[in-house]
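Visitor: Here is a sequence with its predicted model. Questions after.
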Amino acid sequence: MAFYRGAEYAVNFVPKVKLEIAVPDSLADEVVSVIAKTAKTDKIGDGKIFVIDLESALRVRTGETNEDAL
């Protein structure tokens, strides 16, 4: 138990995980759907999914670029 401004309350932190996933455009909707279905618990803390454009990618070891690097 913790106290804040004289009131006692329980601290129940929700564990968090951050995923950063790069996929080809053709798979983006499917990946978002699978993550959303898997992560959903209908409780506070289920999270958010942001989809952003990836300008470029480079696999350092092989020199592959863009979709080949994914």
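Guide: Sure, I can see it. Just so it is clear, the model here is predicted, and its values are computed rather than measured.

Visitor: Give me the contacts around stretch 3-22.
Guide: Defining contact as Cβ atoms under 8 Å, 6 or more residues apart in numbering, one finds that stretch 3-22 is touched by M1, A2, V31, I35, I44, G45, G47, L54, A57, L70. Placement of C-beta: from N, CA and C, glycine included.

Visitor: so which of those residues is the most crowded?
Guide: V31 (16 neighbours; other Cβ atoms under 10 Å).

Visitor: Tell me how far that residue lies from D53.
Guide: 15 Å (Cβ to Cβ, to the nearest Å).

Visitor: so where do the helices sit in the chain?
Guide: Here the chain has its helices, by DSSP state H, at 25-39.

Visitor: ok now stretch 50-63, how far from the chain's centre?
Guide: 17 Å (Cα atoms, centre = their mean, to the nearest Å).

Visitor: So which residue is dead centre in the protein?
Guide: Among the residues of the chain, L19 comes closest to the average C-alpha position under Cα atoms, centre = their mean, at 3.6 Å.

Visitor: Tell me, what's the model's pLDDT at N66?
Guide: In this model, N66 is scored at 94, pLDDT.

Visitor: Contact partners for it?
Guide: Taking Cβ under 8 Å, 6+ apart, one finds S56, A57 in contact with N66.

Visitor: For it, give its distance to S26.
Guide: From N66 to S26 the distance is 13 Å (Cβ to Cβ).

Visitor: Ok, A10 next?
Guide: For A10 relative to S26 (Cβ to Cβ), the value is 46 Å.

Visitor: try I35
Guide: 16 Å.

Visitor: likewise V51?
Guide: 13 Å.

Visitor: swap in G45?
Guide: To S26, G45 is 31 Å away according to Cβ to Cβ.

Visitor: Now do the same for the closest residue in space to G47 that isn't next to it in sequence: its pLDDT.
Guide: Leaving aside its chain neighbours, G47 sits nearest to A39 (5.8 Å; criterion: Cβ to Cβ, 6 or more residues apart in numbering). Looking at A39, its pLDDT is 92.
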